[in-house]
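*Asks:* Next one to model:
(2 chains)
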Amino acid sequence: QVQLQESGPGLVKPSQTLSLTCTVSGDSFSSGAYYWSWIRQHPGKGLEWIGFIHYSGSTYYESSLKSRVTISIDTSKNQFSLKLTSVTAADTAVYYCARVNSGLDAWGQGILVTVSS
Amino acid sequence: DIQMTQSPSSLSASVGDRVTITCRASQGIRNYLAWYQQKPGKVPKLLIYAASTLQSGVPSRFSGSGSGTDFTLTISSLQPEDVATYYCQKYIGASWAFGQGTKVEI
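*Replies:* Okay, the predicted model is just below:
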């Protein structure tokens, strides 16, 4: 049973970089069979796909965020990470990591990140 | 980028009612469509993938249909525990957009 857990600062100052890590437990990470994704949800709003990464390192990003987003992977630690640069209050959201398997079939619990000075 | 449009944005129905939610893609996406359920304060849950395949453990009152640009999620007999917001998502191409969500109330 795969489990995902987001971690990182819950508060980020405007113009700084938001950095989150997702730790994956279970053997699906090392199998190389899956893509791994980040999604966010603004308070009281819908889901927004951010991007995903394959075990090999290939990435795809939502076009509106592409200039500010980097998703990376550390296979030795069973982790993948999200960096979002030049954040503003509009980036305040719950950030989820998830496994891609014909849709997003396993999700972390989510982490609220607030952008505020 | 392909846009996903859901309708209605919200609905209210009675227990036992048949409920239908539609999702339209701005371009054809074959059957690369998933449906999610998000209960208040909870993590989204995958209900259906490949437009019509029920995820393991999901009650059979949920069903999905469609291909190309028009898709439907149906709850055959609405139950109190189905109160949630439902999202469609395409998973083909470079951008995996979600629909804006449909809030289902009783």
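*Asks:* Show the contacting residues for residue B:99.
*Replies:* With contacts defined as C-beta atoms under 8 Å, 6 or more residues apart in numbering or on different chains, residue B:99 is in contact with A:46, B:4-6, B:23, B:87-89. Placement of C-beta: from N, CA and C, glycine included.
*Asks:* again, but for residue B:23
*Replies:* By C-beta under 8 Å, 6+ apart, residue B:23 lies in contact with B:4-6, B:33, B:35, B:66, B:70-73, B:88, B:99.
*Asks:* related to what we said a few turns ago, I'd like to know which of the contacts of residue B:99 are buried.
*Replies:* Buried residues within those, counting neighbours by 16 or more other C-beta atoms under 10 Å in any protein chain shown: A:46, B:4, B:6, B:23, B:87-89.
*Asks:* Just the CA coordinates for stretch A:25-39, please, in PDB.
*Replies:* Once non-C-alpha atoms are left out, stretch A:25-39 reads as follows in PDB (Å, rounded to 0.1, in the frame of the first residue of the first chain):
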ATOM      1  CA  SER A  25       6.600   4.700   1.200                       C
ATOM      2  CA  GLY A  26       5.900   1.300  -0.400                       C
ATOM      3  CA  ASP A  27       7.700  -0.300  -3.300                       C
ATOM      4  CA  SER A  28       5.900   1.500  -6.100                       C
ATOM      5  CA  PHE A  29       8.500   4.300  -6.100                       C
ATOM      6  CA  SER A  30      11.500   2.200  -7.000                       C
ATOM      7  CA  SER A  31       9.600   0.200  -9.600                       C
ATOM      8  CA  GLY A  32       9.900   3.100 -12.000                       C
ATOM      9  CA  ALA A  33       6.400   2.400 -13.300                       C
ATOM     10  CA  TYR A  34       4.700   5.600 -12.200                       C
ATOM     11  CA  TYR A  35       4.700   9.300 -12.600                       C
ATOM     12  CA  TRP A  36       4.500  11.500  -9.500                       C
ATOM     13  CA  SER A  37       2.500  14.700  -9.300                       C
ATOM     14  CA  TRP A  38       1.800  17.900  -7.500                       C
ATOM     15  CA  ILE A  39      -1.600  19.500  -7.200                       C
END
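*Asks:* out of everything not next to it in sequence, what's closest to the closest residue to chain A within chain B?
*Replies:* Among the residues of chain B, residue B:34 lies nearest to chain A; the distance is 3.2 Å by C-beta to the nearest C-beta. Counting by C-beta to C-beta, 6 or more residues apart in numbering or on different chains, residue A:103 is the residue found nearest to residue B:34 once chain neighbours are left out, at 3.2 Å.
*Asks:* wait, isn't that neighbour in contact with residue B:44?
*Replies:* No: taking contact to mean C-beta atoms under 8 Å, the distance of 10.2 Å between residue A:103 and residue B:44 leaves them out of contact.
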